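Asker: any chance you could fold what I've pasted below:
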Amino acid sequence: MNSTNKHLSTFSDSKSHYEILDGLRGVAAVMVVIFHFFETFSGGNHLKQIMNHGYLAVDFFFVLSGFVIGYAYDDRWGKMTLKDFFKRRLIRLHPMIIMGMIIGAIGFYFSASPILFPGIASVPVWKLLLVMLIGFTLLPVPPSLEIRGWGEMHPLDGPAWSLFFEYVANILYALFIRKFSKKALAVLVFLAGAALIHLAVTSPNGDVIGGWSVNPEQLRVGLTRLMYPFFAGLLLSRIAQPGRIKYAFLWASLLVIVALSFPRVGGSEHLWMNGLYDSLTIIIVFPLIVYIGASGKVTGKFATRITRFLGDLSYPLYITHYPLIYIFTAWVVDNQVPMSKAWPVGVLMIVSAIAIAYGAMKLYDVPVRNWLAKRFMHKTVK
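Answerer: Now for the predicted structure:
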């Protein structure tokens, strides 16, 4: 939701990394958790959603991923095979996908709800374990195994849908698009941008929300949300010459927070206006933020610690937090708890999500990736 990281030793033997981009991914991941907290009280109506545009963090992640993939790999294909590329991407991303599914399975029955998830209590353990095992592969589960009832391709860990599309982007890049000239890539990005605008302004809900279900409409949404930001990020890595911008992390972080927190545009009478906001934010603002982040340097011990902590936390937090959201949302809905009374539990939920993500990163993700890198790539994660 997903691939920048300070550990670029798994990408490259010599290249430095963009610490600010790592930190920005962490800022966006924290915003996603807060967005999902507020979403609990919207009743599914995004016109009422506080911190309204947090769902755009996924599109921001795609821009970041495309940029970092281009920076890390574009000039290495003479020394690297397709097999090497896919091994590196799997080592980087897949251990936490497995952990997210395990956490989702552990929390599944705790999210049982007579109102929100009435079918959970009757799901046999064997079916839960089967769904978890399929989730380990990141392949979408068939509708017959959608055991939660929300129509998700990964009912144990909803946000994994974006990692599914991240893998699609990596496959397209490695097999075809890495060979595109700048001009051909620019044409692809232009067409993808036009498709994104059309999707957003014609959406019946006035936004780009969607992509997590296995049906033609939702798969179209997911693919459209993927194609422009990921390959715009790739194009940006090829054509941009990062400058020198002071306080780049501060300015870029503020832009991320503002873009994701911006109030709903147009209301219920002019839904297309919010769709236009979504698409223009993805097309213009997010690449600008990435450029700003790539044009700065982290200086000072405190700033370095903050960006590294956020960078380390970003992917684990994104991929492990949602099982807690299921449980929290079920509690709020079943007991009709207003936000004015639920916020202390919500704060505890957010802190717990951060603690679980950090623990999973330190105790599981880094050691496992270290072992895999030594075993299959003859490298170590620093």
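
Asker: and Phe216, how far from His154?
Answerer: One correction, residue 216 is Pro, not Phe. 18 Å (Cβ to Cβ, to the nearest Å). Just so you know, the C-beta spots here come from the backbone N, C-alpha and C atoms, and that holds for glycine as well.

Asker: what do you get for Leu363?
Answerer: In this view, Leu363 and His154 are 23 Å apart by Cβ to Cβ.

Asker: that older thread, more crowded one of Pro216 and His154?
Answerer: For Pro216 versus His154, neighbours defined as other Cβ atoms under 10 Å are more numerous around His154 (28 against 8).

Asker: which residues does the nearest residue to the more buried one once chain neighbours are set aside contact?
Answerer: Of all residues not flanking His154 in the chain, Ala160 sits nearest, at 4.0 Å (Cβ to Cβ, 6 or more residues apart in numbering). Counting by Cβ atoms under 8 Å, 6 or more residues apart in numbering, Ala160 touches Ile97, Gly100, Met101, Gly135, Leu138, Met153, His154, Ile319.

Asker: which of the residues you listed fall within strands?
Answerer: Members of the contacts of Ala160 lying in strands (criterion: DSSP state E): none.

Asker: for the residues you listed, give me TSV that also has distance to Phe309.
Answerer: Below are the contacts of Ala160 laid out as TSV (distance: Cβ to Cβ, whole Å):
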residue	distance to Phe309
Ile97	22
Gly100	20
Met101	25
Gly135	28
Leu138	27
Met153	31
His154	27
Ile319	17
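
Asker: adding pLDDT and distance to Thr81, write these out as JSON lines.
Answerer: Below are those laid out as JSON lines (pLDDT from 0 to 100; distance: Cβ to Cβ, whole Å):
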{"residue": "Ile97", "pLDDT": "98", "distance to Thr81": "23"}
{"residue": "Gly100", "pLDDT": "98", "distance to Thr81": "29"}
{"residue": "Met101", "pLDDT": "98", "distance to Thr81": "29"}
{"residue": "Gly135", "pLDDT": "98", "distance to Thr81": "28"}
{"residue": "Leu138", "pLDDT": "98", "distance to Thr81": "22"}
{"residue": "Met153", "pLDDT": "98", "distance to Thr81": "30"}
{"residue": "His154", "pLDDT": "98", "distance to Thr81": "30"}
{"residue": "Ile319", "pLDDT": "98", "distance to Thr81": "28"}
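
Asker: and those residues, which two are furthest apart?
Answerer: Greatest spacing in the contacts of Ala160, by Cβ to Cβ: Met153 and Ile319 (14.4 Å).

Asker: looking at those two, which one has more neighbours?
Answerer: Neighbours were counted for Met153 and for Ile319 using other Cβ under 10 Å; Ile319 has more, 28 against 25.

Asker: contacting residues for the more buried one?
Answerer: Ile319 touches Met1, Asn2, Met96, Ile97, Met99, Gly100, Asp157, Pro159, Ala160, Leu163, counting by Cβ under 8 Å, 6+ apart.
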